[in-house]
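Colleague: fold the following and give me the result.
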Amino acid sequence: MKTTAAILIVLLILLGFNSFYTVGEGQHVLLLQFGKILRTDSQPGLHAKVPLLQQALTLDDRILSFDGAPQRYATADKQSINVSYYVKWRIANAADYYRATGGDEVQAGQRLGPIVSNTLRNVVSEHAMDQFVAAGQADIAFGALQQANAETQKTLGVSVVDVRITSVEFPDDVKAAVYKRMQTERQQQAAVIRADGKQLAESIKAQAQAQAQVIRATAESGADKVKGEGDADAAQIYAQAYAQDPDFFSFYRSLEAYKKSFGDGKGTIILKPDSEFLRYFGNPAAAPARR
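Modeller: This next block holds a predicted model:
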């Protein structure tokens, strides 16, 4: 009797524990009866169920990751590229997810991979190779995300949160063409930059020459003005000197002429003895008297 009572107590305890299940943060719980979904619980806390007849299946509501195997895709101009990617996803509809995958994450990844791979193939096939390189991996991945998300929510009850291309490899025969195209583009850009620089340099040079001409013209004009004023002052001084003593002025001018003609001792001048130029030579009386 004691043994039977103990067994009954244990069974009652087990049935009591089996009558409740817990929903944690970041979880979906499906209440199943003979494999049929009775309800979905996502509210955290303790919930009741019929022991033995009903089972609680816990599903992760957090964002999960899936790494896709590298795939070979063809661009719109029939060029081949090898693309590696990863996907971030989460359960959008727990009931649909259970019906599609049985609640198995591995099976979900196996079904999710082909969907994302096909959408990437569609997006890549819409771009030529040069467009694919110019568009960038982020734009290609975003296009695949939109298409994949529409498909997975409908068929798997899964929402695709993000698609990222981790690497793009070009086959050897394509690499040379891609590098050649990139080199040509860079050379064209360099030619444009050089042409712009040459044009700017010519403009700066022309401006500098124009400024130099203005400066020279201004300086020459100033010099001519100063020279003219100096010549006018000299003429005035000569006139005043001549007016004060014409003889002395004439004598002084003759001495200046002698100095310029014979100053270096190398000059030779052939003149008549009675030349006006030599009137102060050998004729002291011709010189003006000392005052």
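
Colleague: which stretches in the stretch 51-200 of the chain count as helices?
Modeller: 94-101, 105-125, 129-135, 137-155, 172-244 (DSSP state H, counting those that start in this stretch).

Colleague: which of the ones you listed has the lowest mean pLDDT?
Modeller: Note on those: helix 129-135 shows the lowest mean pLDDT, a mean of 66.

Colleague: wait, which of the helices of the stretch 51-200 of the chain is closest to L38?
Modeller: helix 94-101 (10.3 Å; C-beta to C-beta). The C-beta positions use only the backbone N, C-alpha and C, and glycine is treated the same way.

Colleague: hmm, back to that, in TSV: the helices of the stretch 51-200 of the chain, plus distance to V83 and mean neighbour count.
Modeller: Written out in TSV, the entries for those read as follows (distance: least, C-beta to C-beta, whole Å; neighbours: other C-beta atoms under 10 Å):
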stretch	distance to V83	mean neighbour count
helix 94-101	25	18
helix 105-125	6	18
helix 129-135	10	17
helix 137-155	9	17
helix 172-244	13	10
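
Colleague: tabulate the ones you listed (a markdown table), appending distance to D162.
Modeller: Formatted as a markdown table, those follow (distance: least, C-beta to C-beta, whole Å):
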| stretch | distance to D162 |
| --- | --- |
| helix 94-101 | 18 |
| helix 105-125 | 11 |
| helix 129-135 | 18 |
| helix 137-155 | 7 |
| helix 172-244 | 27 |
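
Colleague: between those helices, which one is closest to R72.
Modeller: helix 105-125 (9.5 Å).

Colleague: show residues contacting the closest one.
Modeller: Outside helix 105-125, the residues within contact range by C-beta atoms under 8 Å, 6 or more residues apart in numbering are 60, 64, 66, 68-69, 71, 73-76, 81, 83, 85, 87, 89, 97, 100-101, 132, 140-141, 143-144, 147-148, 151-152, 155-156, 158, 160, 163.

Colleague: can you do 6 Å?
Modeller: By C-beta atoms under 6 Å, 6 or more residues apart in numbering, the residues outside helix 105-125 that reach it are 66, 68, 71, 73, 76, 87, 101, 140, 143-144, 147-148, 151-152.

Colleague: farthest pair in these?
Modeller: So, the contacts of helix 105-125 by C-beta to C-beta: farthest apart are A76 and T101, at 34.2 Å.

Colleague: give me the distance between R90 and E185.
Modeller: Distance of R90 to E185, given as C-beta to C-beta, to the nearest Å: 41 Å.

Colleague: now K78: phi and psi?
Modeller: Here is the backbone geometry of K78 (degrees, to the nearest 10): phi 70, psi 30.

Colleague: and for it, the neighbour number?
Modeller: Using other C-beta atoms under 10 Å, the number of residues around K78 comes to 9.

Colleague: what pLDDT is listed against it?
Modeller: Looking at K78, the pLDDT reads 81.

Colleague: equivalent analysis for the one 10 residues further on, please.
Modeller: The pLDDT attached to K88 in the predicted structure is 90.

Colleague: need the contact list for it.
Modeller: Contacts of K88 (C-beta under 6 Å, 6+ apart): I63, S65, V161, D162.

Colleague: ok, what's across the strand from it?
Modeller: S65, D162 (DSSP bridges).

Colleague: about what we covered before: out of the contacts of K88, the closest to E25 would be?
Modeller: Checking the contacts of K88 one by one against E25 (C-beta to C-beta), the nearest turns out to be I63, at 14.0 Å.

Colleague: quick one on the thing from earlier: for the helices of the stretch 51-200 of the chain, which one sits closest to I37?
Modeller: Counting by C-beta to C-beta, I37 lies closest to helix 94-101 out of the helices of the stretch 51-200 of the chain; the figure is 5.3 Å.
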